[in-house]
Structure formats: C-alpha cells, structure tokens
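Visitor: everything below, folded, please.
(one chain, ligands or ions: 3)
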Amino acid sequence: MRVLVIGRTGQIATELLPRLAAAGHDPLALEPPDFDLTDAAQVAGAFERFRPEAVVNCAAYTAVDKAEEQRAMAFAVNATGPRLLGEAAAGAGIPVIHYSTDYVFDGAKDTPYAETDAPDPVGAYGASKLAGELLLHLAQPRSVTLRTAWVCSPHGGNFVKTMLRFGKERPEMRVVADQHGAPTFAADLADAAVTLLPRLASAPAGDPVFGVTHLTGAPYTTWHGFAEAIFAAAARRGQPAPKLTAIGTADYPTPARRPTNSRLDCSRAAAVLGIPPADWREGLERCLDQLMKDPAA
Ligand SMILES: NC(=O)C1=CN([C@@H]2O[C@H](COP(=O)(O)OP(=O)(O)OC[C@H]3O[C@@H](n4cnc5c(N)ncnc54)[C@H](OP(=O)(O)O)[C@@H]3O)[C@@H](O)[C@H]2O)C=CC1
Ligand SMILES: Cc1cn([C@H]2C[C@H](O)[C@@H](COP(=O)(O)OP(=O)(O)O[C@H]3O[C@@H](C)C(=O)[C@@H](O)[C@H]3O)O2)c(=O)[nH]c1=O
Ligand SMILES: [Mg+2]
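Guide: Ligands and ions are numbered 1, 2, ... in the order given. Below you'll find the model as predicted:
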C-alpha cells in the first residue's frame, strides 16, 4: 500500500518507516523544510503526486510549554494540519491514522479516562490537539485517532532521554509524583498503525474501527515512578544513578498546566482494535539497549 507519512524524523515516524517497509508497504515521508502540513496547496500537491492509499499523521507541534506563547503555531500544525489531511483523504477516498494526547483532558477525574469522557484541555497544546481530532473526523470519518500519552523512544526529545542526560550531570533529580499516567513507547504506537492499515483499507465509514481510541502503555505510574524505573534500568547497564526525590506539581512550576490524572482506559483498543496496551517496562529495556548501542540516536 502507498502510505503517506506526515513527519519523518519525529519519534513515531522514525519507528514507523522501517516497519512499513518491512510489512511490504511503500511509504513516503514528508516534513519541513520540504513540506509544510499547514499549507493546503502542499498537502494537495503531495496527494496528487504520490496518490497515497492511506495516510499516517505523525506530525505535530509537541512543545507543551512553548505552545502557551505560540498558540497560533500550535493550532496551525495540530488543528489546521489534520483538517487539511482529512479533507484531502476524504477527496481521495482513503483512511487516516492520527495520534492525539492525554492532554485533551483536564485531569480532574479520579479514575482512568474513557473515550466517552468529555475532554476539557487545560493548556494550548491540549486544546490544539483536541481541535485537530474534531476537525479530522469531521472531514474524514474514515479516520482512526489513537489517543496516547508520555511517548518515549531512543529518538528525538522525550522524558527518558531528559532523565538520562540530567541524571549524568546532577547528583539529585526532583520529579513530580502527583501526575498519574502511563508511558508509551513509540515503537508500540508504530506497530499499532501497521496492524491497523490493512483493516482500514476495506472498512466502510461507520465501522467501529474508526473513531478515537485510547492506547497507552501499561501499567499506570507517575512521572516519578517512571523516573525510578529509568534510573534502575540505567544502573543495571552501569550508569550512575542520581538521588531521586518525589515532589509535587507545585514544586515544579511550568508555563503550561498539565493534567493530574492522565490515565487513559485502553479497553476499547483491546476489544475493538485487537491491540492491547504494551508493557512500557519492556519498551524501556529495548529503548535503553538501543541507546547504549547508539547514544547519538
Ligand atoms: N511526545 C509525546 O509525549 C506525545 C505525543 N503525542 C502525539 O503523537 C504524535 C507524534 O508525536 P512525536 O513523535 O513525539 O512528535 P515529535 O515532536 O517527535 O515529531 C513531530 C514531527 O512533526 C513535524 N512537524 C512539525 N510541524 C510540521 C509541519 N508544519 N509540517 C510537517 N511536519 C511538521 C516535526 O518536524 P520538525 O522537527 O522539522 O519540526 C517532527 O518531525 C503527535 O500527534 C503528538 O501530538 C501524543 C501523546 C504524547
Ligand atoms: C525534566 C523534569 C520534568 N518534570 C516533570 C514536568 C512534567 O510534569 C513531567 C514530564 O515532563 P516533560 O517535559 O516530558 O512533559 P511534557 O512535555 O508535558 O510531556 C507531554 O508531552 C506531550 C507532547 C504529550 O502529549 C503528553 O502526553 C506528555 O508526554 O515531569 C519533573 O518533575 N522534573 C524534571 O526534572
Ligand atoms: Mg516535552
């Protein structure tokens, strides 16, 4: 299948491209400076030239704090972008796979969020991502949005790499222990897209495979719990571990607010998509093994 991948060097795209090729697909990946998702003419041009049979959108504006100042930019990439893709995909009669975030929720609920819970983002990034979901599915109902959280991989910027970098430089790390969620490895999200593609090609509008589905790793933890696991795994590989201190969100002020409860209920992914949550502790081991082999990744 000719698969148009928006984004090329981001976390999910980096994991997805080799998997698409290995599964016998023909992927074309586009990203700046050659391609701008927010430009309608460029999106239309890409569809005309490549004639894709499916689209996977791995592109996003993911700088959560910077988005508070660069709201217009965040909305252009995260809301207008998916709308343009949805319109082009609907015109071509092809399905879309898209990724969204736990940050669409305010975090006030005290149990995991289901797809039926009302989103109410507390920051610009979450608001822009929510707008993108709505606009995409309005334009092309034959779309799947995988709402995920805390994405990590050996590539690009993420919490694992931040902890490893600071952990080498600092004797003590202070990490918030009152934000709950589940890390998700980009490799597992890429696998999900590869699993879904053949099914989407033949599924008609209205098929339950389409729509928003929660998909994160398991089990639930906190950022502090995740940091503990990262430093324990690094220590097993001979890396020095800093002293790790649990703090509250109030002790770690940031420009953007983040939800206290980021836990997503992933039972729909298992039941409807046949994709159960992957154990992030296994993803972490593979990620660290890869980073040890190629620290520049
Ligand atoms: N990272 C996380 O913790 C989470 C991510 N997600 C979602 O998962 C998806 C993938 O995230 P992730 O892989 O981490 O993202 P990254 O930040 O690693 O990569 C984003 C990619 O988007 C590209 N991009 C940005 N602007 C444009 C544009 N205008 N046109 C084309 N491409 C553009 C970037 O290119 P360039 O580098 O050149 O700007 C980059 O390659 C996103 O939808 C994100 O919202 C959901 C939950 C958590
Ligand atoms: C670096 C650091 C962060 N923290 C806190 C800040 C924050 O609450 C949490 C995670 O930090 P990050 O900067 O990785 O957080 P953030 O960039 O908000 O991560 C989010 O990115 C977007 C794209 C998403 O969609 C979300 O699912 C989520 O992964 O840890 C500490 O407590 N101590 C530290 O030393
Ligand atoms: Mg970040």
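Visitor: residues from the stretch 1-150 of the chain in reach of ligand 1?
Guide: 6-12, 31-32, 35-38, 58-62, 77, 99, 101, 129, 148-150 (Cβ under 6 Å from any ligand atom). Just so you know, the C-beta spots here come from the backbone N, C-alpha and C atoms, and that holds for glycine as well.
Visitor: where does the prediction get shaky in this protein?
Guide: Across the chain, residues meeting the criterion (pLDDT under 70) sit at 296-297.
Visitor: contacts only, for the residue in it positioned nearest to ligand 1.
Guide: Residue of the chain nearest ligand 1, by Cβ to the nearest ligand atom: residue 10 (2.2 Å). Going by Cβ atoms under 8 Å, 6 or more residues apart in numbering, residue 10 touches 31, 58, 59, 60, 62, 155, 156.
Visitor: hang on, the earlier thing: among the residues of the stretch 1-150 of the chain next to ligand 1, the buried ones, what's the ChimeraX command?
Guide: Selecting only the buried entries of these in ChimeraX, with 16 or more other Cβ atoms under 10 Å as the criterion:
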select :6,7,8,10,11,12,31,35,36,37,38,58,59,60,61,62,77,99,101,129,148,149,150
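Visitor: nearest to residue 281 among the contacts of residue 10?
Guide: residue 155 (19.5 Å; Cβ to Cβ).
Visitor: now that closest one: closest residue in space, sequence neighbours ignored.
Guide: The shortest distance from residue 155 to any non-neighbouring residue, by Cβ to Cβ, 6 or more residues apart in numbering, is to residue 14 (4.5 Å).
Visitor: that neighbour against residue 186, yeah?
Guide: Yes: counting by Cβ atoms under 8 Å, residue 14 touches residue 186, with 7.2 Å between them.
Visitor: is stretch 59-67 positioned near ligand 2?
Guide: Yes: legend: contact between stretch 59-67 and ligand 2 by Cβ under 6 Å from any ligand atom is shown at 62, 64.
Visitor: same check, this time on stretch 93-102
Guide: Yes: Stretch 93-102 is in contact with ligand 2 by Cβ under 6 Å from any ligand atom, via 101, 102.
Visitor: in that stretch, which residues are buried?
Guide: Quick answer for stretch 93-102 (16+ other Cβ under 10 Å): 94, 95, 96, 97, 98, 99, 100, 101, 102.
Visitor: ok, stretch 40-54 next?
Guide: 43, 46, 47, 50, 52, 53, 54.
Visitor: those residues: which two are farthest apart?
Guide: Across the buried residues of stretch 40-54 (Cβ to Cβ), the longest gap, 16.2 Å, separates 43 and 53.
Visitor: now the helices for the chain?
Guide: Assigned by DSSP state H, the chain shows helices spanning 11-22, 40-50, 71-75, 81-92, 124-139, 159-169, 186-202, 223-236, 267-268, 280-293.
Visitor: mind checking how far the fifth one is from the chain centre?
Guide: I take that to be helix 124-139. 14 Å (Cα atoms, centre = their mean, to the nearest Å).
Visitor: likewise stretch 119-138?
Guide: The answer for stretch 119-138 is 14 Å, by Cα atoms, centre = their mean.
Visitor: much appreciated, bye for now.
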